[in-house]
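> Kindly return the folded structure for what I paste below:
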Amino acid sequence: MWDRVRQSVDDDPTAGGQFLLAGSAGLAAGTRIHSGAGRIISLTMRPMALSERGIEDASVSLRDVHSGGALIKGMTGLRVKDYVDEILRSGFPGIRDLSEDARSRQLEGYLARIVERDMPENGIIVRRPAALRAWLRAYAAAVASTADYTKILDAATAGQPDKPAKATIESYREHLLRLYILDPVEAWSPAFAPLKRLTYSPKHHLVDPALAATLVGVGAKGLLLGEGEMVSSTTGTWLGALFESLAVQSVRVYAEAMNARIGHLRTKKGEHEVDIIVETNDMRCTAMEVKLSDTVHDSDVRHLHWLRQQLGDRLADAVVLYTGPHAYRRPDGIAVVPLALLGP
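Residues are numbered from 1 along each chain as shown. You can find the predicted model right below:
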């Protein structure tokens, strides 16, 4: 089918947008097929961002913020418990509006099909499905962290002397990426003016935080009570990690709509870190911190001020995404925006 589309495009190259090819995975390595270069453009369709879910009208545009000096205004009635609901409902349009029980079964079934059917159908022999499921659970518990893969494997096989081989885990991880289950945020480093002593480890995320919550098995009540084991040395709560993952999911969608890419920044000893960096091809950046809090203090923006000192005019704007009610700009110029009010 792919080759037939290529031939059709070659027959009439003047008519753009002739076909829409949808699929849940990329091609397996070694597949002999035309790449589609010059004819077919690949786009990743992720779960719905918050602004697409119809829960609030976005009043702050990421595109405008990235242009510099955007007007920051708006108010929302959403609070922490509402964000918890959105984390658990997921951004999958066919799942989020189901009853709680049906939604839970669908998410469980989605993960089970990945392990039991999708990976084998893509040429990966899963000899120990329970071991893969345990690794996925440990990865989910490391969401929004840069925990190394050895620590994740140790968490997945605690008390087990017979651990899967590193090559096996690498193969699983590679194919889970290709199946769009894992969706990590790569480390960011500015081109032409590199910052010193940065880490290059990705931040772990699944394509939807509802999958992480399902794997770890913590519901709304448990999240609000601070339950949830984390595979990370960083401080914070499991809910805070999931809220950051929700923010990353939405910001990534908005960034891709403006042909931008995202990354995260962390120095080697952790003195400075910024949760999300949005960068466009002109090398201008917008820096974002994510806070599970309804207030923002000076200590919450110190990394943003540090980055502004490093980048100067290349930093278009700096933003704190939080769970409070008001969007406003602080006297120091930092924008404070409820996550629900941010849009493309």
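> in this protein, which spans are helices?
If DSSP state H is used as the criterion, the helices of the chain fall at 2-11, 62-67, 80-89, 100-113, 119-121, 129-141, 149-156, 166-178, 209-216, 220-224, 238-257, 302-311.
> Of these, flag the one that's most buried.
Highest mean neighbour count among the helices of the chain (mean count of other CB atoms under 10 Å): helix 209-216, with a mean of 25. All C-beta atoms are positioned from the backbone trio N, CA, C, and that covers glycine.
> tell me what that helix is packed against?
helix 80-89, helix 100-113, helix 129-141, helix 238-257 (3 or more CB pairs under 8 Å, 6 or more residues apart in numbering; DSSP states H and E).
> Which residues outside the second one are in contact with it?
It refers to helix 100-113. The contact list for helix 100-113, computed with CB atoms under 8 Å, 6 or more residues apart in numbering, reads 88-90, 92, 94-96, 98, 133, 136, 210-211, 214-215.
> Domain ranges for the protein, per the record?
Taking automatic domain parsing as the reference, the chain has its domains at 1-43, 44-176+185-343.
> I figured residue 180 was touching residue 205, is that so?
No: with contact defined as CB atoms under 8 Å, residue 180 does not reach residue 205; the gap is 11.7 Å.
> Show me which of the two is the more surrounded one.
Set residue 180 next to residue 205 and count neighbours by other CB atoms under 10 Å: residue 205 wins out with 27 against 18.
> got a list of what that one touches?
143-144, 182-185, 245, 248-249.
> would TSV of those residues with pLDDT be doable?
Compiled in TSV, the contacts of residue 205 are given as follows (pLDDT from 0 to 100):
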residue	pLDDT
143	94
144	94
182	95
183	95
184	96
185	97
245	97
248	98
249	97
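> What is the burial count for the closest residue to residue 197 other than its chain neighbours?
In space, and not counting its chain neighbours, residue 197 is closest to residue 268: 4.7 Å by CB to CB, 6 or more residues apart in numbering. Using other CB under 10 Å, residue 268 has 10 neighbouring residues.
> Does residue 268 touch residue 200 like I think?
No: with contact defined as CB under 8 Å, residue 268 and residue 200 do not form a contacting pair (9.6 Å).
> and the closest residue to residue 340 other than its chain neighbours, how many neighbours does it have?
Once flanking residues are discounted, residue 340 sits nearest to residue 56: 4.2 Å by CB to CB, 6+ apart. Here the number of neighbours of residue 56 (other CB under 10 Å) works out to 20.
> can you pull the contacts of residue 56?
If you count contacts by CB under 8 Å, 6+ apart, residue 56 has them with 50, 76, 78, 340-341.
> now it: how far from residue 78?
6 Å (CB to CB, to the nearest Å).
> remind me which residues of the stretch 201-344 of the chain are low pLDDT?
229, 231-235 (pLDDT under 70).
> now with 80?
Applying pLDDT under 80 to the stretch 201-344 of the chain flags residues 227-236, 269.
> Identify whichever of the helices of the chain lies nearest to residue 196.
helix 302-311 (9.6 Å; CB to CB).
> ok, residues contacting the closest one?
190, 193, 195, 265, 272-274, 285, 287, 289, 315, 318, 320, 332, 334.
> Now that we have the contacts of helix 100-113, can you turn them into JSON lines and tack on distance to residue 17?
JSON lines is the format used below for the contacts of helix 100-113 (distance: CB to CB, whole Å):
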{"residue": "88", "distance to residue 17": "36"}
{"residue": "89", "distance to residue 17": "32"}
{"residue": "90", "distance to residue 17": "29"}
{"residue": "92", "distance to residue 17": "26"}
{"residue": "94", "distance to residue 17": "25"}
{"residue": "95", "distance to residue 17": "29"}
{"residue": "96", "distance to residue 17": "29"}
{"residue": "98", "distance to residue 17": "33"}
{"residue": "133", "distance to residue 17": "40"}
{"residue": "136", "distance to residue 17": "37"}
{"residue": "210", "distance to residue 17": "32"}
{"residue": "211", "distance to residue 17": "32"}
{"residue": "214", "distance to residue 17": "36"}
{"residue": "215", "distance to residue 17": "38"}
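> and residue 320, how many neighbours does it have?
Counted with other CB under 10 Å, residue 320 comes out at 22.
> Please list all residues in contact with it.
Contacts of residue 320 (CB under 8 Å, 6+ apart): 288-291, 296, 300-301, 304, 334-337.
> still on that earlier bit, among the helices of the chain, which is nearest residue 38?
The nearest among the helices of the chain, by CB to CB, is helix 2-11 at 8.9 Å.
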